[in-house]
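A.B. asks: coordinates for the following, if possible.
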Amino acid sequence: MTSEDRKRAGSFYTPSIIAASLVSWAIRNSEDRMLDPSCGDGRFLSLHRNSTGVEQDEVAAKIAMRRAPWAAIHEGDFFSWAGQTPERFDAAAGNPPFIRYQRFTGKSRAQALSLCTRLGADFSSLTSSWAPFLLATASLLRPGGRMAFVVPSEIGHAPYAVPLLKYLAASFGDVRIIAIRKKIFPELNEDCWLLYAEGFGRSTKKFRLTALPVFRPTDAPPSSSIEIHLNDWQTWNYRLRPFLLPQACREFYRSVCTFPLSKTLSEVARVGIGYVTGANEFFHLRPSTAREFGLPDQLLHPSVRNGRALGKDGVGLATVRRWLLNDEPVLLLRLKKDQPLNAPLQRYLDTDEARKARETYKCRMRDPWYVVPDMTVPDAFLSYMSGSGVSLSANHAACVGTNSVHVIRLNGEMSLSTLQRRWKDPISQLSCEIEGHPLGGGMLKLEPREAGRVILAARPPSLADDRMIFAGITEMQQWRHYD
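C.D. replies: Numbering: from 1, shown residues only. Sure thing, here's the model as predicted:
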C-alpha cells in the first residue's frame, strides 16, 4: 500500500514482537477462539491456530489467508459483520485501524456508531475509528473473555475515548493501559500504547496504568502499575495522561488548584479562535501589494498570522513596523458588508487571485464573499501549537489574529499585567502540558476549552516546589518527544 492508502485505511502493521506478546497475553490455551477485527496481512492470526479475522482490503485478506490458512477470514466491513454474527470468542487481539474522524465517514461510520449506541456507548462526531472497533470487539467476547490491542496514545487524553473507557470499566474485571514512551511506529507522528482487558462480564472501579520507556516482549502484561480509581480519573477531566507525572507532583499541582486566589484562564478571560478567511494568500497583503493597487490604509489591518509571530511579552508597534519594513503579508483586507467598492478596491477584487479565492468553501458560504467575519481586536494572543511552552502575548499593537492562534479577551476579573505575571509561573506551563495534548513531532496542542482550564496560580514562592514543577514539565515534554 502507498503511504496515502495506508493513511486512508488506517493500516499500519504491528511489529512481530508486539503482536506475539499481545497474543500471548490474550490466549490461555490452544482451544481459545481468538478474533482479530482488522486482521490486515494476518500476522496476529498466524500466531494462534484457532483464529478468526475480518478484513475489508481484498489484497490484505488474500495475504492473511496464505499466512494463516487455518484461520476463518471474513472479507468485508467489520461493523456490518459484528452487528449480525452469532459467533463469540474467548479472546481478541490486534491493531485496529486508526482513521481520524475526517476520513472515518460513510456507511461504515454510520454502522459503527449505530452498533455502539445499541451497546450503550454514544461516541461524538469527532470519534476516530479505533475506539468503536474496540468497543464492538469487546461485545463479541464470551463471559470471562480477554482482549489485547495496540491503541493510539489518544486513549490517554482524547474526549472521544471516554465512552470506550467507561464501557471497558463497566464490562471487564481488569483494565490495564501500558504507556510506552519510545515510538512503536517510528514513521508515525502518533504514539501508540497497549490495552489489556480481561474478565468480560464483570466490572472494575479502577484502571491500572504502567509507564514504560520502551517496549520489551513479555508473556504477560507488566505486573507493576499504578491504580487510577474512576473518581480520580474524573477529577483529572477523564484523562490518563496526567498520571504519567510522579504522584508528588500531581498532588502538589492539585493543591495549587485549590488555593483561594488561584484561577483558571476561563474565569478571567474568554479564549477563542481567530478569524478564518478561507483564502489567506488573497486576504493578507504585503505593503508593496497594497501600494500597487492603491488600497487605503483604513481598509487594511495588521494581523498575527501564526504563533511564530508572537513576541515573548507581547506584539508591539515595533514588531508591526518590522513586519511592514520586511514587506511581509500581514495586512488583512478588512471590509464591511456595506463597504463602498472604489476603483482600487474593485480592481483588487477582480484579480485572478480574487476569482480563485471566491471559489473556496468559506468564501462561497459568505455574502458578500470578501467580508471576513469575527475580526475583533483581542487583549492578547495565545499560541495554539507550541514546542517548549505556550506563549501568552499582550496585543499592544491592536492587531487581529487568524485561527492559527487563540485570541484572549479579558472579562475584567484580572488585569492583563497580572495575567501575564501569573502565566510566567511554571505551574501554568505545567498546567498547559496537563490540559493540552501531543500533536506529533514534539508539539503541544492546546484547544480553546483546554486552554480555559489552565491554572493561573496564586502561591508562595518555593525553590523546592519549582524544581518539582520543572521536573514535571520536562517529564511531560519527553512523553510528547519534545527534544
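
A.B. asks: quick check: closest non-adjacent residue to Ser129.
C.D. replies: In space, and not counting its chain neighbours, Ser129 is closest to Ile99: 4.0 Å by Cβ to Cβ, 6 or more residues apart in numbering. No exception for glycine: its C-beta is placed from N, CA and C like everyone else's.

A.B. asks: that neighbour contacts Ser128, correct?
C.D. replies: Yes: Ile99 lies in contact with Ser128 (Cβ atoms under 8 Å); the separation is 6.2 Å.

A.B. asks: hang on, Asp327 packs against Ser288?
C.D. replies: Yes: counting by Cβ under 8 Å, Asp327 touches Ser288, with 5.3 Å between them.

A.B. asks: low pLDDT regions in the stretch 151-300 of the chain?
C.D. replies: Filtered on pLDDT under 70, the stretch 151-300 of the chain yields no residues whatsoever.

A.B. asks: how about the helices of it, start to end?
C.D. replies: Secondary structure of the stretch 151-300 of the chain (DSSP state H, counting those that start in this stretch): helices located at 162-171, 230-235, 247-257, 265-268, 280-283, 287-293.

A.B. asks: what comes up buried for the second one?
C.D. replies: Translated: helix 230-235. 230, 233 (16 or more other Cβ atoms under 10 Å).

A.B. asks: give me the contact list for that helix.
C.D. replies: With contact meaning Cβ atoms under 8 Å, 6 or more residues apart in numbering, helix 230-235 is reached by 165, 169, 205-207, 239-240, 254.

A.B. asks: between those, which is closest to Lys336?
C.D. replies: Using Cβ to Cβ, Arg239 is the member of the contacts of helix 230-235 that sits closest to Lys336, with 43.1 Å.

A.B. asks: that closest one against Ser153, yeah?
C.D. replies: No: the pair formed by Arg239 and Ser153 falls short of the contact definition of Cβ under 8 Å, at 11.4 Å.

A.B. asks: who's in contact with Ser391?
C.D. replies: Taking Cβ under 8 Å, 6+ apart, we find Ser391 in contact with 307, 310, 312, 381-383.

A.B. asks: go with 10 Å
C.D. replies: Residues near Ser391 by Cβ atoms under 10 Å, 6 or more residues apart in numbering: 307-308, 310-314, 380-383, 405, 423.

A.B. asks: among these, which lie within strands?
C.D. replies: When DSSP state E is applied, the contacts of Ser391 are split such that 380-383, 405 fall in strands.

A.B. asks: mind putting these into a markdown table with pLDDT, neighbour count and distance to Val276?
C.D. replies: Listed next are the ones in strands among the contacts of Ser391 as a markdown table, based on pLDDT from 0 to 100; neighbours: other Cβ atoms under 10 Å; distance: Cβ to Cβ, whole Å:
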| residue | pLDDT | neighbour count | distance to Val276 |
| --- | --- | --- | --- |
| Ala380 | 97 | 26 | 20 |
| Phe381 | 96 | 27 | 16 |
| Leu382 | 95 | 27 | 17 |
| Ser383 | 92 | 23 | 18 |
| Val405 | 95 | 27 | 12 |
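
A.B. asks: and which of those is nearest Arg321?
C.D. replies: Nearest to Arg321 among these is Phe381, at 18.0 Å by Cβ to Cβ.

A.B. asks: not counting sequence-adjacent ones, nearest residue to Tyr13?
C.D. replies: With sequence-adjacent residues excluded and distances taken as Cβ to Cβ, 6+ apart, Tyr13 is closest to Gly40, at 5.6 Å.

A.B. asks: quick check: the residue nearest to Ser129 touching Glu190?
C.D. replies: No: counting by Cβ atoms under 10 Å, Ile99 does not reach Glu190; the two are 11.7 Å apart.

A.B. asks: how does this structure divide into domains?
C.D. replies: For the chain, automatic domain parsing gives the domain ranges 3-241, 268-280+304-330+375-479.

A.B. asks: so which of the ones you listed gets nearest Met365?
C.D. replies: Nearest to Met365, of all the domains of the chain, is domain 268-280+304-330+375-479, at 8.2 Å by Cβ to Cβ.

A.B. asks: what's the end-to-end length of that closest one?
C.D. replies: With Cα to Cα, to the nearest Å as the measure, domain 268-280+304-330+375-479 spans 30 Å from end to end.

A.B. asks: what's the answer for stretch 74-84, then?
C.D. replies: Using Cα to Cα, the distance between the terminal residues of stretch 74-84 is 13 Å.

A.B. asks: centroid-wise, who is the farthest residue in the chain?
C.D. replies: The outermost residue of the chain relative to its centre, with distances by Cα atoms, centre = their mean, is Ala343 at 46.4 Å.

A.B. asks: what's the burial count for Trp479?
C.D. replies: 19 (other Cβ atoms under 10 Å).

A.B. asks: quick check: bridge partners of the closest residue to Asp174 other than its chain neighbours?
C.D. replies: Leaving aside its chain neighbours, Asp174 sits nearest to Glu198 (5.1 Å; criterion: Cβ to Cβ, 6+ apart). On the basis of DSSP bridges, Glu198 is bridged to Arg146, Asp174.

A.B. asks: wait, Glu198 sits on Ile27?
C.D. replies: No: here Glu198 does not reach Ile27: they are 11.6 Å apart, not a contact under Cβ under 10 Å.

A.B. asks: and the next element down the chain from the helix or strand where Arg449 lies?
C.D. replies: Per DSSP states H and E, Arg449 falls inside helix 448-452. Per DSSP H and E, the first helix or strand lying C-terminal to helix 448-452 is strand 455-456.

A.B. asks: helices or strands next to that following strand in the packing?
C.D. replies: In terms of contacts (3 or more Cβ pairs under 10 Å, 6 or more residues apart in numbering; DSSP states H and E), strand 455-456 is packed against helix 247-257, strand 263-264, helix 265-268, helix 416-423, helix 426-435.

A.B. asks: give the partner strands of that strand in its sheet and their orientations.
C.D. replies: Sheet pairing for strand 455-456, using DSSP bridges, gives strand 263-264 (antiparallel).

A.B. asks: show me what the partner strand is in contact with.
C.D. replies: Contacts with strand 263-264, where a contact means Cβ under 10 Å, 6+ apart, come from 257, 269, 413-414, 418-419, 422, 431, 435, 451-458.

A.B. asks: give me the buried entries from these.
C.D. replies: Counted by 16+ other Cβ under 10 Å, those give 257, 269, 414, 419, 422, 431, 435, 451-457 as buried.

A.B. asks: next one, pLDDT for Thr2 please.
C.D. replies: For Thr2, the model assigns a pLDDT of 46.

A.B. asks: about what we covered before: touching both of Glu198 and Ile27, which residues are there?
C.D. replies: With Cβ under 10 Å, 6+ apart as the test, Glu198 and Ile27 both reach 91, 146, 148.

A.B. asks: returning to what we had before: between the buried ones among the contacts of strand 263-264, which sits nearest Ile17?
C.D. replies: Nearest to Ile17 among those: Glu435, at 34.6 Å, using Cβ to Cβ.
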